Structure formats: structure tokens, C-alpha cells
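Trainee: Here is the input, now give the coordinates:
(one chain, ligands or ions: 1)
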Amino acid sequence: MASTSASVAGVEVSLDHWIGGKRVSSSDRFDNASPVDGSDLGAVAAGGKREADMAVEAAREAFPAWAALGAEGRLPVLRKFAEGLLARGKDIAAVETLDNGSLLTGNMHRMVPRAAQNISFFAEWALGLQDHAIDHAEVVNNVRYDPAGVAALITPWNAPMMLTTWKVGPALAAGNTIVIKPPEWAPLTCSLLADIAHEAGLPAGVLNVVQGIGEDAGDALVNNPGLARISFTGSTDTAKIIGQAAARSITGMSSELGGKSPFIVCADADLDAAAQTVAGQYINAGQVCLAGTRILVEASIEAAFLEKVRAAAARMTVGDPREAATRVGPLIHPEHFARVSGFVERAKAAGAEVLWGGARSDVGALYFQPTMFAGVRAQDEIAQKEVFGPVLTWQTFTDDGEAIAIANGTEYGLAGTLFCGNEERAMRIASAVVAGTLWVNCFFVRDLAAPFGGSRTSGVGREGGTHSFDFYCDIKNIAVRKGSFASKGN
Ligand code: NAD
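Mentor: Modelled structure (predicted):
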């Protein structure tokens with residue numbers, strides 16, 4: 001079957017799978033439309049069991065040689081891969097923006113460099129992995145980080161290139177081979193990723209991409225018995241389904257899931273910086289897993305702080321994400337728009353007060369106004385469930401105990417943000433909030449060596465630095481009796 005491609009933002013993108021170093025097509029296709037303007041981005045190959053099995057087989061065949069290279073042997077090609085991502089940065093950013101509606105400037109200046117760093121950072125980090133020995137009275141425990149095998153990498157649509165490379169980097173650096181299942185609402189940059197990996201010289205079968213719908217291609221992939229790892233980023237509900245497949249075959253699974261993170265503002269905080277950062281939660285139309293969507297404000301500053309946030313939110317221009325002035329682009333898909341509007345309408349019906357927004361923006365079909373709800377009770381749906389849109393709630397607290405109780409009062413534990421002027425108080429609150437990452441007087445920044453993941457239903461496991469290799473490797477202890485060798489070498 002002839003392979004198919006489309007010109008997207010002037011960039012030629014294959015709409016087919018990438019398996020065993022070649023493009024592979026499928027007669028079943030699914031439509032992909034741009035959330036920016038509704039334009040048709042082409043019919044993408046819809047894989048199923050056949051394609052998932054082919055890809056896992058190709059990855060299994062490629063595994064021994066890739067694993068045998070060792071971290072040093074893999075480094076040059078992974079460096080070239082990272083350089084290739086930077087060299088194609090403009091193309092990647094433009095395609096990602098049309099495909100998922102994220103901001104072009106953010107994609108160009110943050111997402112692309114971060115994607116390249118995701119590859120080069122872990123390739124370098126892997127060099128030091130085998131240096132770890134634990135001394136004991138009788139033995140030396142030599143800790144080995146061995147490649148695990150084939151890893152399935154499944155990612156969501158809100159930042160496909162960044163989130164996929166976050167898995168691709170350590171998985172490949174560890175010596176694994178991989179099968180990527182891109183998100184069906186934004187499948188295109190993962191296709192570019194395959195081209196760039198190939199051009200960098202990654203051997204056939206080391207990186208495979210199977211396009212398709214989650215319940216078909218994704219389900220077939222995670223049920224393939226040839227997998228050694230499943231790394232999943234997406235919703236908590238999907239993780240529960242994939243987790244059952246992983247449990248049946250005792251396959252290691254890491255999950256980075258949804259959130260409903262608190263954003264706590266203390267009276268002595270830098271209120272201008274805090275207000276600016278609250279408004280920043282509307283970026284990418286709030287389709288950011290880490291967004292602090294529950295604004296918890298110390299009651300004594302409520303009125304003054306609300307005016308600052310209102311002014312900052314008014315500057316969050318809704319518009320075409322390709323324009324530099326835009327801060328809030330479209331929601332990804334009509335189904336997602338209906339989901340977000342559903343939350344908003346039910347909150348209104350339940351008596352929550354709309355401080356601003358609350359409806360479709362006149363920019364276009366999928367654009368929603370930045371919205372703030374007050375008059376919200378802790379147990380209300382709008383304060384409990386992840387909306388994944390530009391919708392925040394406003395609550396107040398009178399003491400730290402109350403702030404912490406509200407912050408911890410959902411099923412999630414992904415992240416949190418705190419603005420506070422007193423170090424001791426900040427560390428006390430930050431330590432008590434259940435979250436994988438807690439930002440104090442900042443937001444979104446972290447080092448790739450730092451642990452990342454979620455608590456409670458926001459995820460299982462941590463990635464970042466050595467934590468990534470703890471997941472992607474089979475860790476072995478070679479315990480050698482001291483003084484037990486008669487000779488050394490051949
Ligand atoms: P989703 O769970 O619907 O889909 C994620 C991926 O899983 C997609 O590629 C999809 O095709 C695939 N999938 C769906 N059903 C599957 C199945 N049965 N078997 C195998 N694969 C399947 O999530 P989404 O709507 O794409 O993304 C939004 C969610 O992702 C939000 O909850 C958000 O918070 C979360 N997210 C989390 C992080 C994080 O790092 N914690 C980052 C970004 C997004």
C-alpha cells in the first residue's frame with residue numbers, strides 16, 4: 001500500500017506508521033482536523049493488532065544490538081538525534097501548533113529545546129549509571145542498570161513532542177527499543193520524530209511509531225506480551241484500563257496522570273508575581289496537566305488580590321496560537337469543548353458565581369474564554385474534577401491548616417503552587433501538601449534530574465534523572481565475595 005503524507009504548515013508529514021525503519025500504511029484511516037481553524041490535516045493510518053504486533057516484533061529484533069552498544073556507543077547517535085530536533089525546530093513547532101493548538105512561540109522557544117534536551121540529557125546521564133557499588137563486610141554489591149527490552153510509550157495530545165521525548169530519551173539511553181503510540185487528536189509531530197531519528201542514524205526497529213485510536217492501536221500494543229515496560233501519560237481513567245493489561249503480563253508500568261492542583265497565595269506574598277502566575281494558568285487554554293486550577297487565597301488579601309488577577313487575566317488574549325500576542329488558543333477537539341462547557345454549565349447550575357468568562361469566545365468554534373468561578377464549595381464537581389480547560393476556581397482560607405486541608409481535598413496529587421513571603425511558613429505548607437511537585441514563588445521550572453510524577457490518582461512512579469532509569473532498566477546486583485578471585489583478566 002502506498003504511503004501517504006500531507007503538507008501541514010508547509011511541512012511534509014507522513015500520515016503512516018513507522019515500523020522497522022520503513023513507512024507502513026493501513027487501509028483504515030482516521031480524520032485529523034486542526035483545532036486552530038478546523039482545516040483538514042489529512043487521514044492518518046489507524047493501526048490495530050497487526051501494526052502493534054509488527055512494531056513490537058521489529059523492536060524485539062532491534063533490541064540485542066542496540067542494548068549491546070552500551071551507553072557510550074549509543075551517545076553519538078542520540079546526540080545527533082537531539083541536534084536534528086533543534087535543526088527541524090521551526091517545522092516541529094509549526095506542525096504542533098496546527099495539530100494541537102498550542103502556542104507557536106512557546107513551541108519554538110520552550111518545547112523544541114526541551115524535546116532536544118530530553119534526548120541529550122538522558123543520553124549523557126546514562127554514562128554514569130554503572131558506577132554504583134555498595135560496599136559490605138563480605139561482598140561488593142555492583143549495581144547494574146541493564147536494558148529491560150521493548151518499551152511501549154503512550155502520550156496525550158496536549159504536548160505530544162515534549163511528553164513523548166521525555167520518555168523516548170531515557171528509554172533509548174537505557175538501551176531499550178521502543179514503540180510509540182501517539183495521541184489520535186495530535187498525531188503529527190510523533191511522525192516527524194521518526195523521520196528525525198532515522199536521519200540521525202538510529203538503527204531500524206529501535207524507534208517505531210504506531211498511529212491509531214487508543215482503544216484499538218493502544219489497546220493492542222499494551223496487550224502485546226513482548227513488552228518489558230509501558231510508560232503512559234494521560235488520564236487517570238485510561239491508566240486504570242492499561243494497568244489491567246500490565247497486571248496480566250506483570251509488565252512494569254509508569255503513569256503520569258491528571259491533576260487538580262492547588263495554587264495557594266499567602267497574604268505576605270509578592271502579589272503582582274502571584275497574580276501574573278495565576279493568569280498564566282490559562283496558557284494553552286488550560287490544557288496543562290500541572291496547572292494550578294484551584295486558587296486558594298488568604299482571606300485578608302482577597303479583594304486586593306482579586307483585582308490584580310482580574311487585570312492579569314484580562315491581558316490573556318484569546319486568539320490564533322500562531323500569533324505572538326495570543327496567550328490562550330483553542331481547545332483541542334469538539335468533544336473536548338463539549339466536555340469543558342459541560343463542567344462550566346453544571347457549575348453555574350450548582351450555584352457557582354462566574355467572576356469572568358464562562359462561555360465560548362467569539363474567536364472561533366473551539367475557543368473558550370478564560371473563566372474564574374467563585375462561591376465554590378470544596379465538594380462541588382468544579383472544585384474536584386479535572387476540567388483540562390481555561391477554568392479556575394477561587395476559594396479563600398483563614399489559616400494554614402485550612403489551606404492545606406482544601407489543597408489536599410481531592411483525589412489527585414500531581415502538583416501545587418505556593419506564593420508566600422516567609423520561608424519557614426512556605427516550607428511548612430509545601431511539605432504538607434500532597435503533590436509530586438510543589439513550586440514555591442515560581443511555576444513550571446525544574447531540572448530534568450529532579451523527580452517528576454504524581455501522588456494518589458495522579459500517577460505511579462517517578463521519572464527524571466536516575467528515577468527514569470530506575471523504571472526503564474532491569475536493575476541487577478552482582479554481589480561479589482571480597483578476595484574470592486585467584487586472578488584478574490584473561
Ligand atoms: P487519554 O488518557 O484519553 O489518552 C492518552 C493516550 O492514551 C492517547 O494516546 C490515547 O490514544 C491512549 N489510549 C486511550 N485509551 C487507551 C487504551 N485503552 N489503551 C491504550 N492506550 C489508550 O488522555 P488525553 O485526553 O489524551 O490527555 C489528557 C490527560 O492527560 C489529562 O488528564 C492530563 O492531566 C493528562 N496529562 C498528564 C501529564 C503528566 O505528566 N502527569 C501530562 C500531560 C497530560
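Trainee: now Arg446: how far from the ligand?
Mentor: 12 Å (CB to the nearest ligand atom, to the nearest Å). (Each C-beta comes from the backbone N, C-alpha and C, glycine too.)
Trainee: Would you agree Ser191 is in contact with Ser14?
Mentor: Yes: in terms of CB atoms under 8 Å, Ser191 counts as a neighbour of Ser14; the distance is 5.1 Å.
Trainee: the more surrounded of these two?
Mentor: Comparing Ser191 with Ser14 by neighbour count (other CB atoms under 10 Å), the higher total belongs to Ser191, at 26 against 22.
Trainee: Does the more buried one belong to a helix, a strand or coil?
Mentor: What DSSP: H, G, I helix; E, B strand; the rest coil gives for Ser191 is helix.
Trainee: Contacts for stretch 368-379 next, please.
Mentor: Contact with stretch 368-379 is made by 279, 282, 285-286, 295, 309, 313, 316, 318, 328, 331, 337, 340-341, 344, 347, 351-361, 382-383, 389-395, 406, 409, as judged by CB atoms under 8 Å, 6 or more residues apart in numbering.
Trainee: List only buried entries from these.
Mentor: 279, 282, 285-286, 295, 309, 313, 316, 318, 328, 331, 337, 340-341, 344, 347, 352, 354-355, 357-358, 360-361, 382-383, 389-395, 406, 409 (16 or more other CB atoms under 10 Å).
Trainee: Now, these that are in helices?
Mentor: 279, 309, 313, 337, 340-341, 344, 347, 382-383, 406 (DSSP state H).
Trainee: Out of these, which is nearest to the ligand?
Mentor: Val340 (11.8 Å; CB to the nearest ligand atom).
Trainee: How many residues are close by Ala137?
Mentor: Close neighbours of Ala137, defined as other CB under 10 Å, add up to 5.
Trainee: Wait, a helix at it?
Mentor: No: looking at Ala137 with three-state DSSP, it is coil, so not inside a helix.
Trainee: Need the distance between the two termini of stretch 42-51.
Mentor: 20 Å (CA to CA, to the nearest Å).
Trainee: Any buried residues in that stretch, and which?
Mentor: Applying a neighbour-count criterion of 16+ other CB under 10 Å, one finds 42, 44-48, 51 buried in stretch 42-51.
Trainee: what does stretch 15-30 give?
Mentor: 15-21, 23-26, 28-30.
Trainee: and that stretch, does that touch the ligand?
Mentor: No: Stretch 15-30 does not reach the ligand (CB under 6 Å from any ligand atom); its nearest approach is 10.7 Å.
Trainee: what does that stretch rub up against?
Mentor: So stretch 15-30 is contacted by 1-6, 14, 32, 42-48, 50-51, 54-55, 58, 61-62, 184, 191, 194-195, 198, 203-205, 207-213 (CB under 8 Å, 6+ apart).
Trainee: how distant is it from the center of its chain?
Mentor: Centroid displacement of stretch 15-30 relative to its chain, using CA atoms, centre = their mean, to the nearest Å, is 24 Å.
Trainee: Okay, now it: how far is its last residue from its first?
Mentor: 10 Å.
Trainee: and it, average pLDDT?
Mentor: Across stretch 15-30, pLDDT averages out at 98.
Trainee: From the ligand, how far out is the residue nearest the centre of the chain?
Mentor: Residue closest to the average C-alpha location in the chain (CA atoms, centre = their mean): Leu163, at 3.9 Å. The gap separating Leu163 from the ligand is 6 Å, by CB to the nearest ligand atom.
Trainee: With Val297 instead?
Mentor: On the measure of CB to the nearest ligand atom, Val297 and the ligand end up 24 Å apart.
Trainee: for Ile213, same thing?
Mentor: Taken as CB to the nearest ligand atom, the span from Ile213 to the ligand is 6 Å.
Trainee: Surely that residue touches Ala46?
Mentor: Yes: between Ile213 and Ala46 there is a contact under CB under 8 Å: 6.1 Å.
Trainee: what's the offset of the lowest-mean-pLDDT helix or strand in the chain from the middle of its chain?
Mentor: For the chain, using mean pLDDT, DSSP states H and E, the weakest element among its helices and strands is strand 133-135, scoring a mean of 94. Chain-centre distance of strand 133-135: 35 Å, with CA atoms, centre = their mean.
Trainee: cool, stretch 433-442 as well?
Mentor: Here the centre of mass of C-alpha atoms in stretch 433-442, compared against the chain's by CA atoms, centre = their mean, lies 17 Å away.
Trainee: Just the buried positions in the helix or strand in which Val56 is found, please.
Mentor: Following DSSP states H and E, the helix or strand that holds Val56 is helix 49-68. Going by neighbour count (16+ other CB under 10 Å), the buried part of helix 49-68 is 51-60, 62-63, 66-67.
Trainee: So what are the sheet partners of the least confident helix or strand of the chain and their directions?
Mentor: Next to strand 133-135 in the sheet, as set by DSSP bridges, lie strand 139-147 (antiparallel).
Trainee: what's the partner strand in contact with?
Mentor: Against strand 139-147 from outside (CB under 8 Å, 6+ apart): 63, 66-67, 126, 129-130, 132-135, 174-176, 469, 472-482.
Trainee: Would you show me how to pick out the buried ones of those in PyMOL?
Mentor: Only the buried entries of those go into this PyMOL selection, using 16+ other CB under 10 Å:
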select buried, resi 63+66+67+126+129+174+175+176+469+472+473
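Trainee: just checking, which of the contacts of strand 139-147 belong to helices?
Mentor: 63, 66-67, 469, 472.
Trainee: of all the residues you listed, which comes closest to the ligand?
Mentor: Tyr472 (16.1 Å).
Trainee: looking at it, that closest one is touching Ile178, isn't it?
Mentor: No: judged on CB under 8 Å, Tyr472 makes no contact with Ile178 at a distance of 9.6 Å.
Trainee: Would you mind checking the average pLDDT for stretch 390-408?
Mentor: Here the average pLDDT along stretch 390-408 is 98.
Trainee: Could you do stretch 428-440 as well?
Mentor: Here stretch 428-440 scores 98 as its mean pLDDT.
Trainee: That one spans what distance, first to last residue?
Mentor: 11 Å.
Trainee: list the contacts for Met414?
Mentor: Check again: residue 414 is Leu, not Met. Applying CB under 8 Å, 6+ apart, the residues near Leu414 are 257-261, 289-290, 435-437, 454-455, 458-459.
Trainee: Next: Asn224.
Mentor: Residues near Asn224 by CB under 8 Å, 6+ apart: 52-53, 56, 152.
Trainee: And what about it, helix, strand or coil?
Mentor: coil.
Trainee: Would you list the phi and psi of it?
Mentor: phi -70, psi 130 (degrees, to the nearest 10).
Trainee: related to what we said a few turns ago, using JSON lines, lay out the buried residues of stretch 42-51 together with distance to Thr97, pLDDT and secondary structure.
Mentor: Converted to JSON lines, the buried residues of stretch 42-51 look like this (distance: CB to CB, whole Å; pLDDT from 0 to 100; DSSP: H, G, I helix; E, B strand; the rest coil):
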{"residue": "Gly42", "distance to Thr97": "16", "pLDDT": "97", "secondary structure": "strand"}
{"residue": "Val44", "distance to Thr97": "18", "pLDDT": "98", "secondary structure": "strand"}
{"residue": "Ala45", "distance to Thr97": "22", "pLDDT": "98", "secondary structure": "strand"}
{"residue": "Ala46", "distance to Thr97": "24", "pLDDT": "98", "secondary structure": "coil"}
{"residue": "Gly47", "distance to Thr97": "25", "pLDDT": "98", "secondary structure": "coil"}
{"residue": "Gly48", "distance to Thr97": "29", "pLDDT": "98", "secondary structure": "coil"}
{"residue": "Glu51", "distance to Thr97": "28", "pLDDT": "98", "secondary structure": "helix"}
